[in-house]
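Q: take this sequence and fold it.
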Amino acid sequence: MVDTGGMTVTHEHTMGLLPTEDAETYAAWFACLAEPTRVRLLHAIASYPGAMSVGQLAEAVGVRQPTVSHHLRKLAEVGFVTTSRVGTSTRVAVNADCCTGLPHAADAVMGMLAARPCCPTEVPEDVTVRALTDADLSAVRRLHAAGTAAGDVLAEEGDAAGATDSGVKADLDTDWLDGHAWVAERDGTVIGWAAAWPVSRLSAYAGVAETRIHVAEGERGRGVGKALARTQVVEADLAGLWTLQASVLPEDKAALALLHASGYRTLAVRERLVRHRGEWRDVVLLERRRDDTVDPGAVGVQDLPDPVLRPRADGA
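A: Sure, this is the predicted structure:
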(Lines give C-alpha, C1' and ligand atoms only; values in the text may rest on other atoms or scores of the structure.)
Protein backbone atom coordinates (compact mmCIF):
# COMPACT_ATOMS: atom_id res chain seq x y z
CA MET A 1 0.00 0.00 0.00
CA VAL A 2 1.04 3.61 -0.35
CA ASP A 3 0.12 6.52 1.83
CA THR A 4 2.61 9.31 2.37
CA GLY A 5 0.53 10.58 5.21
CA GLY A 6 -2.26 9.59 2.90
CA MET A 7 -0.68 7.68 0.02
CA THR A 8 -2.07 4.25 -0.64
CA VAL A 9 -0.93 2.18 -3.59
CA THR A 10 -0.03 -1.45 -3.81
CA HIS A 11 2.64 -2.47 -6.19
CA GLU A 12 3.89 -5.61 -7.85
CA HIS A 13 6.77 -7.20 -5.92
CA THR A 14 9.74 -7.36 -8.24
CA MET A 15 13.37 -7.80 -7.32
CA GLY A 16 15.25 -4.54 -7.75
CA LEU A 17 18.92 -5.26 -8.38
CA LEU A 18 21.43 -2.52 -7.65
CA PRO A 19 23.91 -1.86 -10.48
CA THR A 20 27.39 -3.17 -9.69
CA GLU A 21 28.97 0.26 -10.15
CA ASP A 22 26.60 1.85 -7.63
CA ALA A 23 27.10 -1.01 -5.17
CA GLU A 24 30.88 -0.56 -5.35
CA THR A 25 30.54 3.18 -4.75
CA TYR A 26 28.25 2.76 -1.76
CA ALA A 27 30.45 -0.01 -0.35
CA ALA A 28 33.50 2.25 -0.56
CA TRP A 29 31.67 5.02 1.27
CA PHE A 30 30.42 2.80 4.05
CA ALA A 31 33.75 0.96 4.32
CA CYS A 32 35.55 4.25 4.83
CA LEU A 33 33.26 5.05 7.75
CA ALA A 34 33.79 1.60 9.31
CA GLU A 35 36.81 3.07 11.16
CA PRO A 36 35.59 4.85 14.33
CA THR A 37 38.40 7.42 14.27
CA ARG A 38 37.31 8.56 10.81
CA VAL A 39 33.75 9.00 11.99
CA ARG A 40 35.00 11.14 14.90
CA LEU A 41 37.19 13.18 12.57
CA LEU A 42 34.40 13.69 10.03
CA HIS A 43 31.99 14.75 12.75
CA ALA A 44 34.51 17.22 14.17
CA ILE A 45 35.15 18.71 10.71
CA ALA A 46 31.41 19.01 10.00
CA SER A 47 30.80 20.68 13.38
CA TYR A 48 33.51 23.31 12.89
CA PRO A 49 32.50 26.69 11.37
CA GLY A 50 34.80 26.71 8.37
CA ALA A 51 37.91 24.79 7.32
CA MET A 52 40.14 23.29 10.04
CA SER A 53 43.88 22.84 10.08
CA VAL A 54 45.25 19.36 10.66
CA GLY A 55 46.75 20.59 13.91
CA GLN A 56 43.39 21.89 15.15
CA LEU A 57 41.75 18.63 14.23
CA ALA A 58 44.40 16.50 15.96
CA GLU A 59 44.02 18.57 19.13
CA ALA A 60 40.22 18.42 19.01
CA VAL A 61 39.99 14.63 18.81
CA GLY A 62 43.15 13.81 20.79
CA VAL A 63 44.91 11.94 17.99
CA ARG A 64 48.46 12.43 16.71
CA GLN A 65 48.83 14.49 13.52
CA PRO A 66 50.35 11.65 11.40
CA THR A 67 47.34 9.48 12.27
CA VAL A 68 44.95 12.31 11.46
CA SER A 69 46.67 12.88 8.09
CA HIS A 70 46.34 9.17 7.24
CA HIS A 71 42.60 9.14 7.95
CA LEU A 72 42.05 12.42 6.11
CA ARG A 73 43.59 10.92 2.98
CA LYS A 74 41.09 8.04 3.20
CA LEU A 75 38.18 10.44 3.71
CA ALA A 76 39.34 12.59 0.79
CA GLU A 77 39.72 9.58 -1.52
CA VAL A 78 36.00 8.80 -1.34
CA GLY A 79 34.99 12.46 -1.42
CA PHE A 80 33.84 13.06 2.14
CA VAL A 81 36.25 15.96 2.67
CA THR A 82 38.18 18.51 0.64
CA THR A 83 41.65 19.78 1.45
CA SER A 84 43.44 23.01 0.55
CA ARG A 85 46.73 24.67 1.33
CA VAL A 86 46.92 27.98 3.21
CA GLY A 87 50.58 28.87 3.40
CA THR A 88 52.28 25.86 4.96
CA SER A 89 49.08 24.61 6.60
CA THR A 90 46.64 22.05 5.20
CA ARG A 91 43.00 22.99 5.71
CA VAL A 92 40.19 20.44 5.58
CA ALA A 93 36.43 20.89 5.18
CA VAL A 94 33.42 18.67 4.56
CA ASN A 95 32.48 18.14 0.92
CA ALA A 96 28.89 19.45 0.96
CA ASP A 97 28.06 17.68 -2.32
CA CYS A 98 28.86 14.33 -0.77
CA CYS A 99 26.23 14.89 1.90
CA THR A 100 23.49 14.62 -0.73
CA GLY A 101 25.06 11.65 -2.50
CA LEU A 102 25.54 9.40 0.53
CA PRO A 103 22.54 7.06 0.80
CA HIS A 104 20.74 6.60 4.08
CA ALA A 105 21.58 3.29 5.71
CA ALA A 106 17.85 2.60 6.01
CA ASP A 107 17.62 2.40 2.23
CA ALA A 108 19.96 -0.60 2.22
CA VAL A 109 17.73 -2.63 4.54
CA MET A 110 14.53 -1.45 2.83
CA GLY A 111 15.81 -2.39 -0.64
CA MET A 112 15.70 1.22 -1.86
CA LEU A 113 19.29 1.89 -2.96
CA ALA A 114 18.52 1.88 -6.69
CA ALA A 115 19.26 5.05 -8.67
CA ARG A 116 16.56 7.75 -8.54
CA PRO A 117 14.91 8.82 -11.82
CA CYS A 118 13.20 12.19 -12.17
CA CYS A 119 9.72 10.70 -12.28
CA PRO A 120 7.84 7.38 -12.75
CA THR A 121 7.85 5.65 -16.12
CA GLU A 122 5.38 3.27 -17.80
CA VAL A 123 2.31 5.32 -16.97
CA PRO A 124 -0.90 3.47 -18.03
CA GLU A 125 -2.62 4.91 -21.10
CA ASP A 126 -6.13 4.33 -19.74
CA VAL A 127 -5.62 6.59 -16.70
CA THR A 128 -6.24 10.33 -17.04
CA VAL A 129 -4.85 12.79 -14.50
CA ARG A 130 -6.48 16.23 -14.33
CA ALA A 131 -6.85 19.12 -11.90
CA LEU A 132 -9.12 18.46 -8.92
CA THR A 133 -12.33 20.53 -8.91
CA ASP A 134 -15.15 21.10 -6.43
CA ALA A 135 -17.17 18.47 -8.27
CA ASP A 136 -14.59 15.85 -7.24
CA LEU A 137 -14.84 16.48 -3.48
CA SER A 138 -17.39 13.74 -2.83
CA ALA A 139 -15.19 11.16 -4.56
CA VAL A 140 -12.11 12.41 -2.69
CA ARG A 141 -14.05 12.19 0.60
CA ARG A 142 -15.04 8.59 -0.11
CA LEU A 143 -11.47 7.59 -0.94
CA HIS A 144 -10.13 9.35 2.15
CA ALA A 145 -12.76 7.78 4.42
CA ALA A 146 -12.09 4.28 3.04
CA GLY A 147 -8.36 4.68 3.48
CA THR A 148 -8.75 6.01 7.00
CA ALA A 149 -11.05 3.16 7.99
CA ALA A 150 -8.60 0.62 6.57
CA GLY A 151 -5.70 2.18 8.47
CA ASP A 152 -3.91 3.27 5.27
CA VAL A 153 -4.15 6.98 6.07
CA LEU A 154 -2.32 8.57 9.00
CA ALA A 155 -5.40 10.45 10.21
CA GLU A 156 -6.25 12.08 13.51
CA GLU A 157 -6.86 9.66 16.38
CA GLY A 158 -10.57 8.87 16.53
CA ASP A 159 -11.13 10.09 12.96
CA ALA A 160 -11.68 6.65 11.44
CA ALA A 161 -15.07 7.67 10.13
CA GLY A 162 -13.36 9.84 7.54
CA ALA A 163 -13.72 13.48 6.56
CA THR A 164 -16.78 15.43 5.51
CA ASP A 165 -17.17 17.25 2.22
CA SER A 166 -16.70 20.56 4.01
CA GLY A 167 -13.64 19.25 5.86
CA VAL A 168 -11.95 18.15 2.65
CA LYS A 169 -12.84 21.40 0.90
CA ALA A 170 -11.40 23.43 3.78
CA ASP A 171 -8.10 21.57 3.50
CA LEU A 172 -7.95 22.11 -0.23
CA ASP A 173 -8.86 25.78 -0.09
CA THR A 174 -6.78 26.88 2.91
CA ASP A 175 -3.79 24.53 3.08
CA TRP A 176 -3.03 22.89 -0.24
CA LEU A 177 -1.14 24.79 -2.89
CA ASP A 178 -3.21 26.29 -5.67
CA GLY A 179 -2.69 24.29 -8.85
CA HIS A 180 -1.26 21.25 -7.07
CA ALA A 181 -4.33 19.07 -6.46
CA TRP A 182 -5.08 16.27 -8.92
CA VAL A 183 -7.43 13.38 -9.52
CA ALA A 184 -6.91 10.23 -11.57
CA GLU A 185 -9.79 8.90 -13.66
CA ARG A 186 -10.50 5.71 -15.54
CA ASP A 187 -13.63 5.64 -17.70
CA GLY A 188 -14.87 8.84 -16.06
CA THR A 189 -14.57 7.50 -12.48
CA VAL A 190 -12.23 9.11 -9.94
CA ILE A 191 -9.91 6.35 -8.69
CA GLY A 192 -7.20 8.38 -6.96
CA TRP A 193 -6.08 11.83 -5.95
CA ALA A 194 -2.90 13.72 -5.11
CA ALA A 195 -2.07 17.07 -3.57
CA ALA A 196 0.75 19.16 -2.16
CA TRP A 197 0.60 21.75 0.58
CA PRO A 198 3.10 24.24 2.03
CA VAL A 199 5.23 23.18 4.99
CA SER A 200 5.41 26.73 6.37
CA ARG A 201 3.77 30.13 6.07
CA LEU A 202 7.19 31.79 5.86
CA SER A 203 8.01 33.11 2.38
CA ALA A 204 11.49 31.55 2.58
CA TYR A 205 9.80 28.14 2.34
CA ALA A 206 7.54 29.07 -0.57
CA GLY A 207 9.04 26.34 -2.76
CA VAL A 208 8.82 23.54 -0.19
CA ALA A 209 5.73 21.32 -0.09
CA GLU A 210 4.45 18.16 1.60
CA THR A 211 2.93 15.67 -0.84
CA ARG A 212 0.18 13.08 -0.61
CA ILE A 213 -1.17 10.47 -3.01
CA HIS A 214 -4.10 8.12 -2.47
CA VAL A 215 -5.44 5.39 -4.76
CA ALA A 216 -8.70 3.45 -4.46
CA GLU A 217 -8.18 -0.03 -3.03
CA GLY A 218 -9.53 -1.83 -6.08
CA GLU A 219 -7.25 0.13 -8.42
CA ARG A 220 -3.93 -0.47 -6.70
CA GLY A 221 -1.13 -2.14 -8.60
CA ARG A 222 -2.41 -0.82 -11.94
CA GLY A 223 -0.19 2.23 -12.35
CA VAL A 224 -2.59 4.83 -10.95
CA GLY A 225 -0.09 5.95 -8.32
CA LYS A 226 2.59 6.28 -11.01
CA ALA A 227 0.32 8.48 -13.13
CA LEU A 228 -0.50 10.75 -10.19
CA ALA A 229 3.09 10.92 -8.98
CA ARG A 230 4.41 11.73 -12.45
CA THR A 231 2.00 14.62 -12.90
CA GLN A 232 2.59 15.82 -9.35
CA VAL A 233 6.38 16.05 -9.56
CA VAL A 234 6.53 17.38 -13.13
CA GLU A 235 3.98 20.11 -12.40
CA ALA A 236 5.84 20.95 -9.18
CA ASP A 237 9.02 21.40 -11.21
CA LEU A 238 7.22 23.57 -13.75
CA ALA A 239 5.77 25.73 -10.97
CA GLY A 240 9.19 26.29 -9.43
CA LEU A 241 8.80 24.20 -6.28
CA TRP A 242 12.32 23.20 -5.32
CA THR A 243 11.65 20.63 -2.59
CA LEU A 244 8.90 18.04 -2.10
CA GLN A 245 8.80 15.95 1.05
CA ALA A 246 6.76 12.98 2.20
CA SER A 247 6.45 10.73 5.27
CA VAL A 248 5.80 6.98 5.05
CA LEU A 249 5.54 4.07 7.47
CA PRO A 250 8.68 1.87 7.11
CA GLU A 251 6.79 -1.28 6.14
CA ASP A 252 4.97 0.49 3.30
CA LYS A 253 7.40 -0.72 0.64
CA ALA A 254 5.06 0.22 -2.22
CA ALA A 255 4.97 3.86 -1.08
CA LEU A 256 8.74 3.92 -0.69
CA ALA A 257 9.24 2.40 -4.14
CA LEU A 258 6.86 4.90 -5.76
CA LEU A 259 8.54 7.86 -4.08
CA HIS A 260 12.03 6.67 -5.01
CA ALA A 261 10.81 6.20 -8.59
CA SER A 262 9.66 9.83 -8.42
CA GLY A 263 13.12 11.09 -7.46
CA TYR A 264 12.76 11.16 -3.67
CA ARG A 265 15.56 10.04 -1.35
CA THR A 266 15.46 8.90 2.25
CA LEU A 267 16.55 11.54 4.77
CA ALA A 268 15.85 9.84 8.08
CA VAL A 269 13.81 7.31 10.00
CA ARG A 270 12.08 9.29 12.75
CA GLU A 271 11.46 7.00 15.72
CA ARG A 272 8.07 6.84 17.48
CA LEU A 273 6.95 10.00 15.70
CA VAL A 274 3.20 9.38 15.22
CA ARG A 275 0.39 7.54 16.96
CA HIS A 276 -1.35 5.30 14.46
CA ARG A 277 -4.23 3.08 15.58
CA GLY A 278 -3.17 3.39 19.21
CA GLU A 279 0.52 2.63 18.66
CA TRP A 280 3.60 4.82 18.40
CA ARG A 281 5.08 4.34 14.93
CA ASP A 282 8.36 5.16 13.20
CA VAL A 283 8.12 7.26 10.03
CA VAL A 284 10.49 7.45 7.06
CA LEU A 285 11.09 11.04 5.94
CA LEU A 286 11.89 11.48 2.23
CA GLU A 287 12.50 14.48 -0.01
CA ARG A 288 12.79 15.26 -3.69
CA ARG A 289 14.85 18.20 -4.96
CA ARG A 290 14.16 19.82 -8.30
CA ASP A 291 16.88 19.07 -10.86
CA ASP A 292 17.60 22.37 -12.57
CA THR A 293 19.54 20.58 -15.33
CA VAL A 294 16.24 19.12 -16.62
CA ASP A 295 13.67 21.34 -18.34
CA PRO A 296 10.23 19.86 -17.57
CA GLY A 297 8.61 22.38 -19.91
CA ALA A 298 10.56 21.26 -22.96
CA VAL A 299 8.13 18.39 -23.60
CA GLY A 300 4.73 17.24 -22.42
CA VAL A 301 4.22 15.55 -19.08
CA GLN A 302 3.57 12.18 -20.68
CA ASP A 303 6.68 12.44 -22.87
CA LEU A 304 9.09 13.78 -20.25
CA PRO A 305 12.49 12.05 -20.52
CA ASP A 306 13.71 10.14 -17.51
CA PRO A 307 17.29 11.11 -16.68
CA VAL A 308 18.66 9.01 -13.82
CA LEU A 309 20.45 10.58 -10.86
CA ARG A 310 23.37 8.27 -10.12
CA PRO A 311 26.08 8.54 -7.46
CA ARG A 312 29.44 9.71 -8.65
CA ALA A 313 32.54 7.77 -7.75
CA ASP A 314 34.13 10.89 -6.26
CA GLY A 315 31.26 11.15 -3.75
CA ALA A 316 29.85 14.36 -5.17
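
Q: can you report phi and psi for the closest residue to residue 187 other than its chain neighbours?
A: If you skip the residues right next to it in sequence, residue 187 has residue 126 as its closest partner in space, 7.8 Å away by Cβ to Cβ, 6 or more residues apart in numbering. For every residue, glycine as well, the C-beta is placed using N, CA and C. Backbone geometry at residue 126, expressed as degrees, to the nearest 10, gives phi -90, psi 10.

Q: with residue 29 instead?
A: Note on residue 29: its backbone torsions stand at phi -60, psi -50 [degrees, to the nearest 10].

Q: would you mind measuring from it to residue 227?
A: For residue 29, the distance to residue 227 under the criterion Cβ to Cβ, to the nearest Å works out to 35 Å.

Q: out of the two, which sits in the busier spot?
A: Neighbours of residue 29 and residue 227, each counted by other Cβ atoms under 10 Å, are more numerous for residue 227; the result is 30 against 18.

Q: do I have it right that the more buried one meets residue 121?
A: No - if you go by Cβ atoms under 8 Å, residue 227 and residue 121 don't touch, sitting 11.1 Å apart.

Q: residue ranges for the helices of this protein, please.
A: Under the criterion DSSP state H, helices of the chain are mapped to 20-32, 36-47, 54-61, 65-77, 96-101, 105-110, 137-150, 165-174, 224-239, 253-261.

Q: per-domain residue ranges of the chain.
A: Structural domains annotated on the chain: 20-100, 114-306, as defined by automatic domain parsing.

Q: of the ones you listed, give the one that comes closest to residue 107.
A: Distances from residue 107 to each of the domains of the chain were compared using Cβ to Cβ; the shortest belongs to domain 114-306, at 4.9 Å.

Q: mean confidence for that closest one?
A: Summarised as a single mean, pLDDT over domain 114-306 is 81.

Q: same question for stretch 83-100.
A: In the prediction, stretch 83-100 has an average pLDDT of 82.

Q: before we move on, back to that, and the helices of the chain: which comes nearest residue 83?
A: Distances from residue 83 to each of the helices of the chain were compared by Cβ to Cβ, and the smallest falls on helix 65-77, at 5.8 Å.

Q: return the distance of the closest one from the chain's centre.
A: Between the mean C-alpha location of helix 65-77 and the chain-wide mean there is a distance of 33 Å, by Cα atoms, centre = their mean, to the nearest Å.

Q: ok, and what's touching that helix?
A: Contacts made with helix 65-77 from outside it, assessed by Cβ atoms under 8 Å, 6 or more residues apart in numbering, are listed as 32, 35, 37-38, 41-42, 54-55, 57-58, 61, 81-83, 90, 92.
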